[in-house]
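1. My questions concern the predicted model and sequence given below.
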Amino acid sequence: MELENFTVTSDLGLDDLLTTGETDSYESVDSSFPDELDSWDFDGEDAGVAAAIFAALAGVIVFIAIFGIAFYVYNALALSKLFKKANHPNTWAGWVPVYNVWVMAEVAGYPGWMGLIAVFANCVPVIGAIGGLVVTIMIYDKLAKAFGKDSGFTVGLVLLYPIFIGILAFGQAEYVGTYSSDNGAAPAKVEEPKKEKEKEEKPKEEEEKF
């Protein structure tokens, strides 16, 4: 920035200027300096930056909301299908948060209250979170085995839950576990092997012939 008619002699200090009255050189600054400040549009630049930040935050919030809704619908469909495979009477429980974990624990073979521990233990810092994780792994492990899977599948449920719960629900996995009505769920239907059925049917047919 160029300031016109601004000269200060090195022989005079500030006190000398004030006492001698040699301050005329500053008068021209009063007229030029404010005009140049007015040409700098601070408000416009700040408003642009603020608008950009707001737009970015709004985009992130919208993305999280859409992702959350999509995951909720997918998880609800998967769990409902899973409960149906296990012949649980409350297949609609997949759509109810917290209660769906209760039913999952039942299908796995545990009492439903263990599902509540897995959910609410996380409210307690550190110790509670660790305890909740341990209970969750226990439920996942027994759930995997209830559908004929091994411990490797349990690791998949822990690390990549959306993928592996979908495999159990929408894949060819069949429920081979059992859970008693004491847990609040109906016993699973156990179908008799086809060979045993055929052996029973043959004697009946022979008796009818005679």
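-> It's in.

2. Summarise which helices and strands the one helix or strand residue 138 maps to is packed against.
-> Residue 138 belongs to helix 127-146 when elements are defined using DSSP states H and E. Counting contacts by 3 or more CB pairs under 8 Å, 6 or more residues apart in numbering; DSSP states H and E, helix 127-146 is packed against helix 99-108, helix 113-120, helix 151-159. Any C-beta I mention is one placed from the backbone N, CA and C, and that applies to glycine too.

3. hey, which of the ones you listed is tucked in deepest?
-> For those, the largest average neighbour count (mean count of other CB atoms under 10 Å) is found in helix 99-108, namely a mean of 24.

4. how big is the angle separating the host helix or strand of residue 60 from helix 99-108?
-> Using DSSP H and E, residue 60 sits within helix 42-85. Helix 42-85 and helix 99-108 are oriented at 30 degrees to each other (axes from the mean of the first three to the mean of the last three CA atoms, to 10 degrees).

5. Which secondary structure elements does helix 42-85 sit against?
-> Here helix 42-85 touches helix 99-108, helix 161-170, going by 3+ CB pairs under 8 Å, 6+ apart.

6. quick one: average pLDDT of the helix holding residue 138?
-> Mean pLDDT, helix 127-146: 95.

7. That one to helix 113-120, inter-axis angle?
-> On the basis of the same axes, to 10 degrees, helix 127-146 is oriented at 130 degrees to helix 113-120.

8. which residues are contacting helix 127-146?
-> Identification of contacts with helix 127-146 by CB atoms under 8 Å, 6 or more residues apart in numbering yields 86, 101, 104-105, 107-110, 114-115, 117-122, 124, 150-151, 153-154, 157-158, 168, 175-177.

9. and with 6 Å instead?
-> With contacts defined as CB atoms under 6 Å, 6 or more residues apart in numbering, helix 127-146 is touched by 105, 108-109, 114, 117-118, 121-122, 153-154, 157-158, 177.

10. Tell me where the model's unsure across this structure.
-> Residues of the chain that meet the criterion pLDDT under 70 lie in 1-45, 179-210.

11. rewinding a little: closest one to residue 48 out of the contacts of helix 127-146, please.
-> Residue 48 lies nearest to residue 122 out of these, by CB to CB, at 41.6 Å.

12. Could you find the closest non-adjacent residue to the closest one?
-> Closest residue to residue 122 apart from its sequence neighbours, by CB to CB, 6 or more residues apart in numbering: residue 132 at 4.5 Å.

13. what number of residues lie near that neighbour?
-> 18 (other CB atoms under 10 Å).

14. quick revisit: determine which two of the contacts of helix 127-146 are furthest apart.
-> 122 and 177 (26.0 Å).

15. ok so, going back, make JSON lines from the contacts of helix 127-146 and add distance to residue 141 to it.
-> Formatted as JSON lines, the contacts of helix 127-146 follow (distance: CB to CB, whole Å):
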{"residue": "105", "distance to residue 141": "12"}
{"residue": "108", "distance to residue 141": "8"}
{"residue": "109", "distance to residue 141": "10"}
{"residue": "114", "distance to residue 141": "12"}
{"residue": "117", "distance to residue 141": "15"}
{"residue": "118", "distance to residue 141": "12"}
{"residue": "121", "distance to residue 141": "17"}
{"residue": "122", "distance to residue 141": "19"}
{"residue": "153", "distance to residue 141": "9"}
{"residue": "154", "distance to residue 141": "4"}
{"residue": "157", "distance to residue 141": "8"}
{"residue": "158", "distance to residue 141": "9"}
{"residue": "177", "distance to residue 141": "12"}
